[in-house]
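In: Any chance you could fold what I've pasted below:
(one chain, ligands or ions: 1)
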Amino acid sequence: MSKVVIPGQMVLVVGAAGMLGSALVPLLLKDGYEVVAPSISELDITDLQATRVLVRGVAPSAIVNCAAYTAVDKAEDERTKAELINSEGAANIARTAQEAGAKFIHISTDFVFDGKKNTPYEEDDEASPLGVYGSSKLAGEQRVQAFGGDFFIVRTSWLYGQGNENFVTKIAERAKSLKELQVVFDQVGTPTYTLDLAEAIVNLMQRDLESGIYHFSNEGLASWYDFAVAIVDGLKRRDVVLSVETIKPVLSSAFKRLATRPPYSVMDKTKYKDSLGLTIRNWNEALSFYLDDIVRNGRLK
Ligand SMILES: NC(=O)c1ccc[n+]([C@@H]2O[C@H](COP(=O)([O-])OP(=O)(O)OC[C@H]3O[C@@H](n4cnc5c(N)ncnc54)[C@H](OP(=O)(O)O)[C@@H]3O)[C@@H](O)[C@H]2O)c1
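Out: Numbers count the residues shown, from 1 in each chain. Prediction:
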């Protein structure tokens, strides 16, 4: 039996200052949840004792772990740190969630896959990460699963959203100052709006579902090039003044990067949709909503 966590109950959000946390905390508050959202200086998840003390004090009904080491390239040089946060840290929260009888929602990534498939990845497809970030996240998943109990691992991909610099804001910034953008077209995945993922997390919190892994992203697929074209077109349609004249599709090999990315990381969301009886909007529709928000509210620098 999975705990049903409803408005009025206490939710602990770890990693709340990050991109996903910035979307999740306001949504939980709007929905009427009590929320405790410690900063990294108030809770370092790699410290088991500190995590235990905080979780005992807060006594949450649910814990959402948005905290992670997310610097994909830097992780190649900082394996120990990435593993400490993404594996040990995840295990510390899983352990303390279980001790507190809290429902645990842990966020993971499409980077656990090597991208050799050309059809959407299902939850039980073999994970075979290409880099340190992906392998540290996979290790975290395995530690969370080993504790068992009332847990949900939500794998997601290509996040963007309010509050933090992300691919959309970076492309917008460059399109304002450069005549040509070069964007890779040989990596295909699904952009995911943090607000839609935050809603999915709340949906999982509120249902009595089987514990395990669930894939969630927006629907559809795109290369980074397709995504960049959609961002620039969307900004032009909203009368944002841009300098960019050409968006050039290039191979990943055009950019020297420490970590190899999966060439294909589209995920199958059937399990999420069927379990909850919900549909998911297409990435283009979600992007349009986000562009409306940042253009209308002057959040575009
Ligand atoms: N971003 C993506 O495109 C993407 C794609 C797929 C999956 N994901 C997964 O989605 C989740 C959320 O990602 P995100 O993009 O929101 O990440 P993010 O913006 O990098 O935020 C992560 C947060 O975790 C905090 N943190 C790092 N180490 C910590 C520690 N030891 N104790 C407590 N907090 C710590 C960070 O604090 P500091 O900033 O102070 O270090 C930051 O506030 C992660 O699990 C990530 O792996 C992300």
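
In: Show the contacting residues for the residue of the chain found nearest the ligand.
Out: Residue of the chain nearest the ligand, by Cβ to the nearest ligand atom: Gly18 (2.0 Å). To be clear about C-beta, it is placed using only N, CA and C from the backbone, and glycine gets the same treatment. Applying Cβ atoms under 8 Å, 6 or more residues apart in numbering, we find Gly18 in contact with Cys66, Ala67, Ala68, Thr70, Asn164.

In: neighbour-wise, which of those leads?
Out: Among those, Ala67 has the most neighbours (other Cβ atoms under 10 Å), with 27 neighbours.

In: In space, what's closest to it - neighbours in sequence excluded?
Out: Gly15 (2.9 Å; Cβ to Cβ, 6 or more residues apart in numbering).

In: again, but for Lys117
Out: Closest to Lys117 by Cβ to Cβ, 6+ apart is Tyr264, at 6.2 Å.

In: Who does that neighbour form a beta bridge with?
Out: For Tyr264, the beta-bridge partners under DSSP bridges are Val188.

In: The contacts of Gly18 also near the ligand: which ones?
Out: Filtering the contacts of Gly18 for proximity to the ligand by Cβ under 6 Å from any ligand atom leaves Cys66, Ala67, Ala68, Thr70, Asn164.

In: May I see those residues arranged in CSV, with secondary structure and pLDDT as well?
Out: Output for the ones next to the ligand among the contacts of Gly18, formatted as CSV (DSSP: H, G, I helix; E, B strand; the rest coil; pLDDT from 0 to 100):
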residue, secondary structure, pLDDT
Cys66, coil, 98
Ala67, coil, 98
Ala68, coil, 98
Thr70, coil, 97
Asn164, coil, 79
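
In: Show the average pLDDT along stretch 286-300.
Out: Average pLDDT, stretch 286-300: 91.

In: which residues touch it?
Out: 160-162, 168-169, 172, 191-193, 195-196, 218, 227, 230-231, 234-235, 238, 240.
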